[in-house]
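> sequence plus predicted model, see below.
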Amino acid sequence: YFLNTYQNLNPVILKDLPFPIWEQLLLPRSFKSGGYDVLHCPYNTFPILYGQIYNRLIVTIHDLIFFKKLGDSLYQIIGNMYRRFVLHFIRDNVRVITVSNASKKELMNILRRRSNVIMESNELIKKQRDIIKNLKHYDKKYLFHIGGINETKNTDRVIKAFLNAKLDDYYLVISGLPKCNIYSKQYDNNSIIYTGWVSDEKMAEYYMNADAIIFPSLREGFGLPIQEGLTFNKPVLTSKLEPMTEVAGEAAIFVDPFSIDSITKGIKEILLENVRCDLYKNINKQLKKFDGRYICEKYMTVYESVK
């Protein structure tokens, strides 16, 4: 969106190296030789030496989940150890941006750092939506749950709530984990479909054809599936917790994510026509908060203040 809005932007492609080497050595050297005004690192980490010396660095920290848990795989553990290590070197002269007020509070509690909140734009999601909008709709009626093995995604409770709801005409489609997983073995039910790992375009198809998005997560830095669901004009069920309440606004059904009964009730409610009509009225209002031009202007304000 920046490229379409500001014509004087010129992408620079740097050499492909292992990320820590790329970030700590190649990126600051390229920035210095290019004579740029501001360096914005939008992925939780930054060049340590640059952060200690200069006053023109902006870092987007999406959340601090990696301070609570290192991860399950070796890849996750190494990546999260690197993130923890780098953030120990963050200085007061580094401008910090985050994506929700929940993450803003977390940054203050853990790192004692103030931050500006700028939500994620949904421009990329809109492009994916527009690419597939003329595809044939699926014959099956289903609820779409973006889950995972990680217990914070709450997939186990979602499955139990769906089965309790006894929706004979509906399937529960679950993405975010392999087709063969602990839940597919535990719940042998033909009404539950696991997508396995799919492309972004295929994910967009699942969003487009769903009757509702089920996302009662226990913990998020932002809650991207909520934004994605709203962008596809779908009713969303999510947790009555921050930042999910912030991202969804008045365009979702909120449930207690720790209560199977609450999720079951929410699933039944989100399929009622009068409830869906009320949600549709609020979706466009909430989507304005993710508009690319609006987000772009907020970033430009921060860039100008640093420069």
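That came through, no problem. Everything quoted here is computed from the prediction, not taken from an experiment.

> residue 121 in helix, strand or coil?
Secondary structure state of residue 121, per DSSP: H, G, I helix; E, B strand; the rest coil, is coil.

> what about residue 207, neighbour count?
By other C-beta atoms under 10 Å, 23 other residues sit near residue 207. In this view, the C-beta of every residue, glycine as well, is placed from N, C-alpha and C.

> my bad, residue 199
Here the number of neighbours of residue 199 (other C-beta under 10 Å) works out to 8.

> quick one: it from residue 168, how far?
Note on residue 199: its distance to residue 168, by C-beta to C-beta, to the nearest Å, is 31 Å.

> for residue 161, same thing?
16 Å.

> more crowded one of the two?
With other C-beta under 10 Å as the criterion, residue 161 and residue 168 differ in neighbour count, and residue 161 comes out ahead with 26 against 6.

> may I ask which helix or strand encompasses that one?
Under the criterion of DSSP states H and E, residue 161 resides in helix 155-165.

> tell me the helix or strand right after that helix.
strand 171-175.

> name the residues of the helix or strand just after that following strand that are buried.
Using DSSP H and E, the helix or strand that follows strand 171-175 towards the C-terminus is helix 182-186. Of the residues in helix 182-186, those scored as buried under the neighbour-count criterion (16 or more other C-beta atoms under 10 Å) are 183-184.

> which residues does the helix or strand just after helix 182-186 contact?
Read in the C-terminal direction, the helix or strand following helix 182-186 is strand 192-194, with elements assigned using DSSP H and E. The contact list for strand 192-194, computed with C-beta atoms under 8 Å, 6 or more residues apart in numbering, reads 142, 159, 162, 171-175, 177-181, 183-184.

> can I get the helix or strand following strand 192-194 in PDB, CA atoms only?
Moving toward the C-terminus from strand 192-194, the next helix or strand (DSSP H and E) is helix 200-209. As requested, C-alpha coordinates have been extracted for helix 200-209 and formatted as PDB (Å, rounded to 0.1, in the frame of the first residue of the first chain):
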ATOM      1  CA  ASP A 200      -2.700 -18.200   1.400                       C
ATOM      2  CA  GLU A 201      -5.100 -18.400  -1.600                       C
ATOM      3  CA  LYS A 202      -6.600 -21.600  -0.200                       C
ATOM      4  CA  MET A 203      -7.000 -20.000   3.200                       C
ATOM      5  CA  ALA A 204      -8.800 -17.100   1.600                       C
ATOM      6  CA  GLU A 205     -11.200 -19.600   0.000                       C
ATOM      7  CA  TYR A 206     -12.000 -21.100   3.300                       C
ATOM      8  CA  TYR A 207     -12.700 -17.700   4.700                       C
ATOM      9  CA  MET A 208     -14.900 -16.700   1.800                       C
ATOM     10  CA  ASN A 209     -17.100 -19.800   1.900                       C
END
